[in-house]
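Asks: one predicted model, sequence on top.
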Amino acid sequence: MAMRSLVAIVDDDESVRESLPDLLREFGFAVEAFSSAEEFLASEVVGQTKCLILDVAMPGMSGPALQRELQRRRSAIPIVFITAHADESIRPRVLEAGAVDCLFKPFSETALLGAVTTALRAS
Amino acid sequence: MESQLSQVVDALPGLVWTAQPHGEVDFVNRRWREYTGISSDAAAGWAWQSAIHPDDLPRLLDHWRLLLQSRKPGEFEVRLRRFDGVFRWFLIRVLPSRDEHGQVLKWYGQNVDIEDRKRAESLLTEEKRLLEMMARGSPLTEVLDALCRFVESATPDSHCSILLAEPGATRLQFGAAPSLPASLVDAVISLPLNAESGACSTAISLNQQVIASDIMSETRWQSSGWCAVALQHGMRACWSTPISSRNGRVLGSFAILYREPRTPTTLHQNLIEQFTHLASIAIERSQSDAALRRSEEFLAKAQQVSSTGGFYWRPATREVIWSEQVYRIFELDPAVPVTLELIFTRLHPEDIPAFEEMLERQLRDGTDFEHDHRLLLPDRSVKYLHVVAQATRDQDGSLLYVAAVQDVTQQRRSEEALGKLRSELAHMARVTSLGALTASIAHEVNQPLSGILTNACTGLRMLSAHPPNIEGARETARRTIRDANRAADVITRLRGLFAKKDFTTELVDLNEATREVAALAASELNRSRVVLRTELAEGLPPAMGDRVQLQQVILNLLLNASDAMSGVHDRPRQLVIRTEPEGGKRVRLSIQDVGIGLNAESVDQLFEAFYTTKAEGMGMGLSISRSIIESHQGRLWAEANDGPGATFAFSIPCGAENGTVVEGYGVVSTPAVADAEQIMGSR
């Protein structure tokens, strides 16, 4: 059996960190969740991550800031942004900066799976 | 012997006479003859009657005949004519001399001059009569008229007048002149009031007596023509004396006029002194009565205009005395005597227990008090009254309340209307503020919704697996419920803030209220990259007020602080919300930012309506916040920080633990809140 792709989730909301990994695991992915961008950067999974599901607004380093930091580090992890904010102006900005997709909470299982699949293909 | 006795009797200084048993006078002594100017022969028998005043003669003769019949000693008072025609009062004492059988042998008489005593008696009687008139409240003109008439009767052929002078007046006013021609009086009072305008004007102007003994030869007052007017009316002498008040103010003049040249005697001067004094009492009394009447009218009018009445309450005797205005407020007939029972018939039934408690307490404590209650009138209309009473002691030391009762119905109705308007305005502002939070609110709801959706999908997948993952599905269901509750909490908080309701007073945990607002705004603050720190004092006493309106103020201050930091890029956008007790009776909440700070020139305008520094702001937020805090009897202010930014803070009174319960309708925790409630019209 092929090694399962690692999907990392960075979100300060605990309920996301609880629910999203379970769903993705149901689809067969390996999942790691982090409560902040700083925590993710400090972890050992940065190099193995095939897809990063990243919250936009967080205390400390924000999602787009992490995106920039990864680009600075020459990391090509495909990123799927998720946000509970209704402000849609964030979407073109992060896409322009190279994100695979930007999903607005609450999003459907299909939309999530589609975005993750696209990301994995890109990686 | 007899001739010797006659010589002695003749030489006596008193008036002495003798008469036969049947009354025929047979001897009058020399002094008698000298006084009357009547010879012994002309007085003999019954001829002496010509010396008696005709008004007194019939009475005297009746009395004398009775004595002759009864053969007893007696006395009578009559006026005897002097040789020059002047009558003086005499007391005639008569003694019979009898033989051993009791038969009268001779009558002996002695006449004693009692003119001075009679005069003094008459003056006293008149003075008493005039004082009685004043005490009875007779009009001033009647008293002065009677006074003039008496002086005229005591000084034959005289004419008296009293003229009045108001302070600063330029003309004299008529007082009394019962026997003077009106044309003379009119001519005199039409002259200007100065020392050139005749005897009375001069006496008043110089405050000294003016004697014109013979007007014909007067050289004074020529310019005014006063002498000519007096002479035209046949007056030749005028003595005018100023009438002065106790403190020396000239009230008018008292004048005696004669139709022939005359100079006042000591007798005249005594009369003048006594009657100008009486006139001054009458005038002063009348002036103070008028002032009192004016003052009473003014008070009554003021009471009516301000809908305020006054009353006395003597708890020991249960006696209550109302002013007219209180009767008007209670809509009762002023003829009805006031009793506590009567008051109870008008009290609003709901306010009776509190009223009874108040009575009991005041009977027990005897201290100053304030009390609010309502009246329910027979037409079912309701009045709101505010009573303020001061405890005093009367002469015998018993408790006496002096109180004012004000009809505040109109005020209360206006306050209610104003309170409604304020609540509506506050609601509008709240909805507007919440509009600014839409994104934040969406975030707060989207977050749990997202969790719900993800968990539901996960749960379905777990149940569809072979074999189904029951335990995993159960866990996702649990999380679904948790997230749904979280969304419901957000909605509940929002519903509270969107609700439109009147000002209500309750105990508010300011810390809890702050946490809720912070939770609602958290996402918005987060989006604005604001770091919020809360420093909420433990064990903070609850505040008294309207929870939603207080939260509105906190939200407004929080969003303002966040906005103030939107241009800050060189330092963390830190915002601190702090609560703390303030001096035991108040609590304070402050919000400190590190934003643009305060402009010294505009700090005064900050709280004015329509003042704003924001492009999209209406400038209502702080103005409404201040109005809300002031209606809580609190204070809202702003100050610059030592470092960058500003601190906005408010302080409001604590709730019931620190307050007192006030009688009357509604429950009030502290005087401050009572006022706040009055302002908001919440009762």
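Replies: The structure has been received and is ready for your questions.

Asks: show me what from chain A comes close to chain B.
Replies: A:13, A:15-16, A:18-20, A:22-23, A:26, A:57-59, A:82, A:84-87, A:104-109, A:112 (C-beta under 8 Å from any C-beta of the partner chain). Glycine gets a C-beta too; all of them are placed from N, C-alpha and C.

Asks: from the stretch 551-683 of chain B, which residue is nearest to chain A?
Replies: B:Pro572 (11.0 Å; C-beta to the nearest C-beta).

Asks: my bad, chain B
Replies: For chain B, the residue closest to chain A is B:Ser450, as judged by C-beta to the nearest C-beta, at 3.5 Å.

Asks: isn't that residue right up against A:Val16?
Replies: Yes. Applying C-beta atoms under 8 Å as the test, B:Ser450 and A:Val16 come out as touching, 6.8 Å apart.

Asks: identify the contacts common to the two.
Replies: Counting by C-beta atoms under 8 Å, 6 or more residues apart in numbering or on different chains, the contacts common to B:Ser450 and A:Val16 are A:Ile82.

Asks: find the nearest non-adjacent residue to B:Tyr327, please.
Replies: Of all residues not flanking B:Tyr327 in the chain, B:Pro334 sits nearest, at 4.5 Å (C-beta to C-beta, 6 or more residues apart in numbering or on different chains).

Asks: give me the element that neighbour is part of.
Replies: Secondary structure assignment for B:Pro334, by DSSP states H and E: no helix or strand.

Asks: now swap in B:Asp55 and tell me
Replies: With elements taken from DSSP H and E, nothing contains B:Asp55; it lies in neither a helix nor a strand.

Asks: which residue packs closest to it, ignoring adjacent ones?
Replies: Spatial nearest neighbour of B:Asp55, excluding adjacent residues (C-beta to C-beta, 6+ apart): B:Arg79 at 7.7 Å.

Asks: how many neighbours does that neighbour have?
Replies: Neighbourhood size, B:Arg79 [other C-beta atoms under 10 Å in any protein chain shown]: 20.

Asks: element containing it, please.
Replies: Assigned by DSSP H and E, B:Arg79 belongs to strand B:74-81.

Asks: what parts of chain B come near chain A?
Replies: Checking chain B against chain A by C-beta under 8 Å from any C-beta, the hits are B:438-439, B:442-444, B:446-455, B:457-458, B:461-462, B:465, B:472, B:475-476, B:479, B:482-483, B:486, B:523, B:526-527, B:531.

Asks: show me just the buried residues among the residues you listed.
Replies: B:442-444, B:446-455, B:457-458, B:461-462, B:472, B:475-476, B:479, B:483, B:486, B:523, B:526-527 (16 or more other C-beta atoms under 10 Å in any protein chain shown).

Asks: tell me which of the residues you listed fall in helices.
Replies: The members of those that map onto helices under DSSP state H are B:442-444, B:446-455, B:457-458, B:461-462, B:472, B:475-476, B:479, B:483, B:486, B:523, B:526-527.

Asks: contacting residues for the residue in chain A that chain B sits nearest to?
Replies: Relative to chain B, the nearest point of chain A is A:Lys105 (3.5 Å; C-beta to the nearest C-beta). Taking C-beta under 8 Å, 6+ apart as the contact definition, A:Lys105 lies against A:Ile82, A:Thr83, A:Ala84, B:Asn446, B:Gln447, B:Leu449, B:Ser450.

Asks: residues near residue 97, how many?
Replies: No chain in the question, so chain A it is. 13.

Asks: hm, I was asking about chain B
Replies: A count of neighbours around B:Ser97, defined by other C-beta under 10 Å, yields 11.

Asks: tell me the secondary structure at it.
Replies: Under DSSP: H, G, I helix; E, B strand; the rest coil, the three-state class of B:Ser97 is strand.

Asks: wait, what's in contact with it?
Replies: B:Val104, B:Leu105, B:Lys106, B:Trp107, B:Tyr108.

Asks: any idea how far B:Gln20 is from it?
Replies: From B:Ser97 across to B:Gln20, the span is 11 Å (C-beta to C-beta, to the nearest Å).

Asks: anything in contact with each of these two?
Replies: Counting by C-beta under 8 Å, 6+ apart, the common neighbours of B:Ser97 and B:Gln20 are B:Lys106, B:Trp107.

Asks: buried residues in the strand of greatest length in chain A, which are they?
Replies: Secondary structure of chain A per DSSP state E: the longest strand is strand A:49-55. Using 16+ other C-beta under 10 Å as the test for burial, strand A:49-55 gives A:Thr49, A:Lys50, A:Cys51, A:Leu52, A:Ile53, A:Leu54, A:Asp55.

Asks: residues in contact with the nearest residue to the second one once chain neighbours are set aside?
Replies: Closest residue to A:Lys50 in three dimensions, ignoring its sequence neighbours and counting by C-beta to C-beta, 6+ apart: A:Ser5, at 4.2 Å. Residues in contact with A:Ser5 (C-beta under 8 Å, 6+ apart) are A:Phe29, A:Ala30, A:Lys50, A:Cys51, A:Leu120, A:Ser123.

Asks: and the residues you listed, which two are furthest apart?
Replies: The largest separation in the contacts of A:Ser5, counting by C-beta to C-beta, is between A:Ala30 and A:Ser123 at 13.7 Å.

Asks: more neighbours: the two, which one.
Replies: A direct count of neighbours by other C-beta under 10 Å for A:Ala30 and A:Ser123 places A:Ala30 higher, at 17 against 14.

Asks: check which helices and strands the host helix or strand of B:Ile272 sits against.
Replies: Using DSSP H and E, B:Ile272 sits within helix B:266-305. Here helix B:266-305 touches helix B:115-136, helix B:140-154, strand B:237-244, strand B:250-258, strand B:308-314, helix B:324-330, going by 3 or more C-beta pairs under 8 Å, 6 or more residues apart in numbering or on different chains; DSSP states H and E.

Asks: now do the contacts for the closest residue to B:Ile321 other than its chain neighbours.
Replies: Nearest non-adjacent residue to B:Ile321, counting by C-beta to C-beta, 6+ apart: B:Tyr312, 4.5 Å away. The contact partners of B:Tyr312, by C-beta under 8 Å, 6+ apart, come to B:Glu319, B:Val320, B:Ile321, B:Leu400, B:Tyr401, B:Val402, B:Ala403.

Asks: swap in 7 Å and give it another go.
Replies: Listed by C-beta atoms under 7 Å, 6 or more residues apart in numbering or on different chains, the contact set of B:Tyr312 reads B:Val320, B:Ile321, B:Leu400, B:Tyr401, B:Val402.

Asks: any chance of TSV for the residues you listed, columns pLDDT, secondary structure and neighbour count?
Replies: Converted to TSV, the contacts of B:Tyr312 look like this (pLDDT from 0 to 100; DSSP: H, G, I helix; E, B strand; the rest coil; neighbours: other C-beta atoms under 10 Å in any protein chain shown):
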residue	pLDDT	secondary structure	neighbour count
B:Val320	88	strand	19
B:Ile321	88	strand	12
B:Leu400	89	strand	20
B:Tyr401	90	strand	19
B:Val402	89	strand	13
